[in-house]
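1. Need coordinates for the following:
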Amino acid sequence: SIRFLPYFFGTLFGFAPGTFAYVYAGRVGKALTIDSDSALPWFVYVGVGLGIVGLLKIAGDVATGVIDSMDEDSNVLDEDMKL
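-> Next comes the predicted model:
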């Protein structure tokens, strides 16, 4: 069973990067199509988009590492309990 607060904050932080990426993509689309006069050059948007993708990759790698280490710790505890 999972306690409420870890579940809540895990879900909140887990969905935040994807939500931010969708909102940013919408803003970029609007700026490139409607607000052409006040838009930044296209390469600024591409650079920020690549930065977001890079941060999402790093966050995913860190989360995978944490989950793997938790799994290893769980296996060690299981082996210790068998002894």
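2. how about residue 40, secondary structure?
-> coil (DSSP: H, G, I helix; E, B strand; the rest coil).
3. Apart from its neighbours in sequence, what residue is nearest it?
-> Among residues not flanking residue 40 along the chain, residue 31 sits closest, at 7.3 Å (Cβ to Cβ, 6 or more residues apart in numbering). C-beta: built from backbone N, CA, C; applies to glycine.
4. correct me, but that neighbour touches residue 42?
-> No: the criterion here is Cβ atoms under 8 Å, and residue 31 misses it with residue 42 at 9.7 Å.
5. need the next SSE after the strand or helix carrying residue 7, C-terminal direction.
-> According to DSSP states H and E, residue 7 maps onto helix 4-33. Counting by DSSP H and E, the element after helix 4-33 in chain order, helix or strand, is helix 42-82.
6. Who are the packing partners of that following helix?
-> Using 3 or more Cβ pairs under 8 Å, 6 or more residues apart in numbering; DSSP states H and E, the elements in contact with helix 42-82 are helix 4-33.
7. mind listing what's buried in the helix it packs on?
-> 28, 31 (16 or more other Cβ atoms under 10 Å).
8. what comes into contact with stretch 44-54?
-> 17, 20, 21, 24, 25, 28, 31, 32 (Cβ atoms under 8 Å, 6 or more residues apart in numbering).
9. Now it: average pLDDT?
-> Mean pLDDT, computed over stretch 44-54, is 87.
10. low-scoring stretches of this protein, by residue?
-> For the chain, applying pLDDT under 70 flags the ranges 35-39, 76-83.
11. swap the cut-off to 90 and go again
-> Applying pLDDT under 90 to the chain flags residues 1-2, 6, 9-14, 16-46, 48-49, 52-53, 55-56, 59-60, 63-64, 66-83.
12. on that earlier part again, what's the closest of the contacts of stretch 44-54 to residue 71?
-> Residue 71 lies nearest to residue 17 out of the contacts of stretch 44-54, by Cβ to Cβ, at 22.8 Å.
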